[in-house]
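*Asks:* give me the fold of what follows.
(one chain, ligands or ions: 1)
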Amino acid sequence: MRRLAILGASGHGKVIADAALLSGWDEVIFYDDAWPEKEMNGRWPIVGNTAALLMRILPFDGVVVGIGNNKIRLEKTQQLALLDLPVVTIVHPSAVISPFSMIGYGSVVLANSVVQVDTSVGVAALINTSSTVDHDCVLADGVHICPGAHLAGGVHVGEKSWIGIGSSIKQLVNIGANVMIGAGAVVVTDIVDSVTVAGVPARILCSEKKC
Ligand SMILES: CC(=O)SCCNC(=O)CCNC(=O)[C@H](O)C(C)(C)COP(=O)(O)OP(=O)(O)OC[C@H]1O[C@@H](n2cnc3c(N)ncnc32)[C@H](O)[C@@H]1OP(=O)(O)O
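*Replies:* Numbers count the residues shown, from 1 in each chain. Coordinates of the predicted model:
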């Protein structure tokens with residue numbers, strides 16, 4: 001009997017629960033700071049808040065952070081790992097991951113996604129439904145590749161960047177840290193840190209200095 005704890009009782013958490021049960025976990029329990037006001041996440045119980053998780057009042061065999069915000073997900077994952085909790089990676093059984101790629105701890109790889117050969121994915125990354133990350137890509141910690149996004153070969157993505165739903169990134173493009181790529185964008189040039197880009201081809205909508 002293998003029990004998975006998920007921190008973050010959200011819709012995204014439910015997707016992780018579903019993938020976990022399909023990939024061999026027997027039971028899922030949630031933790032969320034909205035507990036005890038909130039007691040269920042869909043069909044799954046919320047059994048405590050972050051403090052209860054850290055105290056391990058209920059036993060569990062693995063833990064993963066189910067929070068969509070890249071910064072918070074990464075920070076919480078690193079905190080759990082520092083405290084020696086058994087942070088795991090969840091991979092949906094329909095995902096295809098090259099044995100010659102690397103996936104960091106606390107990452108989640110969802111249904112029908114593909115991670116190709118010689119690609120490296122950092123800690124607490126999220127490879128969402130039906131996205132593809134082709135050969136020789138480097139994804140830093142806390143990155144989110146949204147559903148249906150496609151990265152060609154040799155793309156680099158900096159820490160905590162968000163690659164929006166249905167976007168496409170040309171081969172060998174470097175995307176900085178804390179970047180937001182808009183839904184449906186086509187990125188054909190390098191993108192500096194901390195900007196939001198959108199459109200075809202993608203242009204800067206907003207930067208840290210001016211929105
Ligand atoms: C399982 C899941 O649900 S995973 C979640 C997946 N979701 C995503 O990937 C969402 C990605 N987010 C987006 O695309 C957002 O629209 C962003 C981040 C690009 C911009 O959001 P905001 O900063 O709130 O911008 P806002 O909505 O105010 O729009 C500003 C302008 O940009 C335009 N714009 C916004 N998004 C896009 C886009 N994706 N492509 C082209 N233009 C866009 C708007 O039409 C608007 O133009 P206007 O000034 O001429 O009216």
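
*Asks:* hey, what's the residue sitting nearest the centre point of the chain bridged with?
*Replies:* Nearest residue to the geometric centre of the chain (Cα atoms, centre = their mean): Leu126, 1.8 Å. Listed by DSSP bridges, the beta-bridge partners for Leu126 are Val108, His144.

*Asks:* hang on, it packs against Thr77?
*Replies:* No. The pair Leu126 / Thr77 is not scored as a contact, 10.9 Å apart, by Cβ atoms under 8 Å. Every residue, glycine included, has its C-beta placed from N, CA and C.

*Asks:* low pLDDT regions in this structure?
*Replies:* Within the chain, the ranges that satisfy pLDDT under 70 run 209-211.

*Asks:* hey, where'd the helices end up in it?
*Replies:* 11-22, 50-55, 70-82 (DSSP state H).

*Asks:* tabulate these (CSV), appending mean neighbour count and distance to the ligand.
*Replies:* Converted to CSV, the helices of the chain look like this (neighbours: other Cβ atoms under 10 Å; distance: least, Cβ to the nearest ligand atom, whole Å):
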stretch, mean neighbour count, distance to the ligand
helix 11-22, 19, 7
helix 50-55, 15, 23
helix 70-82, 19, 11
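
*Asks:* and Ile169, which of those is closest to it?
*Replies:* Ile169 sits nearest to helix 70-82 of all the helices of the chain, at 16.7 Å, using Cβ to Cβ.

*Asks:* then that closest one to PDB, C-alphas only?
*Replies:* These are the backbone C-alpha positions of helix 70-82, laid out as PDB (Å, rounded to 0.1, in the frame of the first residue of the first chain):
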ATOM      1  CA  ASN A  70       6.100  28.300 -10.400                       C
ATOM      2  CA  LYS A  71       7.800  30.300  -7.600                       C
ATOM      3  CA  ILE A  72       5.700  28.800  -4.800                       C
ATOM      4  CA  ARG A  73       5.900  25.300  -6.200                       C
ATOM      5  CA  LEU A  74       9.700  25.400  -6.400                       C
ATOM      6  CA  GLU A  75      10.100  27.000  -2.900                       C
ATOM      7  CA  LYS A  76       7.800  24.500  -1.200                       C
ATOM      8  CA  THR A  77       9.500  21.500  -3.000                       C
ATOM      9  CA  GLN A  78      12.900  22.700  -2.000                       C
ATOM     10  CA  GLN A  79      11.700  23.200   1.600                       C
ATOM     11  CA  LEU A  80      10.300  19.600   1.800                       C
ATOM     12  CA  ALA A  81      13.500  18.200   0.300                       C
ATOM     13  CA  LEU A  82      15.600  20.100   2.900                       C
END
